[in-house]
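Engineer: Predicted model, plus sequence, below.
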Amino acid sequence: MRLKFDEQLETLNVELIKMGALCEEAISMALKSLSESDPSLIEKVFTTDGEIDRKEREIEALCMRLLLQQQPVARDLRQISSALKMISDMERIGDQASDIAEISTYLMGTDVEKQTKIEKMAAEAIKMVTESIDSYVKHDIELARKVIEYDDVVDNYFIEIKREIVELIAKGETNGEDSIDLLMIAKYLERIGDHATNIAEWVEYSITGVHKDEGDQEKRD
């Protein structure tokens, strides 16, 4: 019975990796559609977002089977419940990649993004998503904590990009509408970083049994 359960847990890990890869792909394509002004990439992002939604439902069903058909111990319960929380965050990442792709349609033909650090910010956000999933699969609490700390890097990029946009407007090198669209893309990337942080925090919980919010409460108490 335990062998079958462990095999299903391994399947869960594989499916989470696949879902994480789809998230990375969606973000990358969304930013590529912006930099290359390629409408076909936008449709691919929307398609990938649909695949992410389907993967969420598949993993949710697998988690329910593990909970109902097997007899998981406390550590297993933490791992499965964490996976359920993580797929919710990954689904939101897919939605935000779609939002970025949609906004990029309004920026086609401009090069405003090349005058900011938006591509670097995107690379760091993708890195956070990748490493948060890796930390779950590898049960690597140090990697999870590294992702949590790294959220400050993405947040700082957002602050820098806001400053860059203000300077571009002041110099008359971009119009207000394009600036707002680019700022929205940066905001979505910041949110993707937040979701990756959430994933890493659930990884920490799956290993330690204490969620960050509970730990903070214990310190306050």
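Structural biologist: Noted; the coordinates are in hand.
Engineer: what ranges do the helices span in the protein?
Structural biologist: Applying DSSP state H to the chain gives helices spanning 2-36, 39-69, 74-107, 118-137, 141-170, 176-208, 212-220.
Engineer: Could you dump those into JSON lines and include mean neighbour count?
Structural biologist: No exception for glycine: its C-beta is placed from N, CA and C like everyone else's. Shown next, in JSON lines, are the helices of the chain (neighbours: other CB atoms under 10 Å):
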{"stretch": "helix 2-36", "mean neighbour count": "18"}
{"stretch": "helix 39-69", "mean neighbour count": "16"}
{"stretch": "helix 74-107", "mean neighbour count": "20"}
{"stretch": "helix 118-137", "mean neighbour count": "22"}
{"stretch": "helix 141-170", "mean neighbour count": "17"}
{"stretch": "helix 176-208", "mean neighbour count": "22"}
{"stretch": "helix 212-220", "mean neighbour count": "11"}
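Engineer: Would you format the ones you listed as a markdown table with mean pLDDT included?
Structural biologist: Written out in a markdown table, the entries for the helices of the chain read as follows (pLDDT from 0 to 100):
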| stretch | mean pLDDT |
| --- | --- |
| helix 2-36 | 88 |
| helix 39-69 | 93 |
| helix 74-107 | 92 |
| helix 118-137 | 91 |
| helix 141-170 | 93 |
| helix 176-208 | 92 |
| helix 212-220 | 47 |
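Engineer: got the contact list for residue 103?
Structural biologist: The neighbours of residue 103, taking CB atoms under 8 Å, 6 or more residues apart in numbering as the test, are 181, 184, 185, 188.
Engineer: which one of those residues is nearest residue 51?
Structural biologist: The nearest member of those to residue 51, counting by CB to CB, is residue 188 at 19.1 Å.
Engineer: Verify the contact between the closest one and residue 96 for me.
Structural biologist: Yes. The pair residue 188 / residue 96 is scored as a contact, 4.5 Å apart, by CB atoms under 8 Å.
Engineer: coming back round to it: just send the contacts of residue 103 back as JSON lines, with distance to residue 4 too.
Structural biologist: JSON lines is the format used below for the contacts of residue 103 (distance: CB to CB, whole Å):
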{"residue": "181", "distance to residue 4": "51"}
{"residue": "184", "distance to residue 4": "47"}
{"residue": "185", "distance to residue 4": "45"}
{"residue": "188", "distance to residue 4": "41"}
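Engineer: nearest to residue 8, of these?
Structural biologist: Closest approach to residue 8 among the contacts of residue 103 (CB to CB): residue 188, at 34.3 Å.
Engineer: Okay, the closest one and residue 107: tell me how far apart.
Structural biologist: 13 Å (CB to CB, to the nearest Å).
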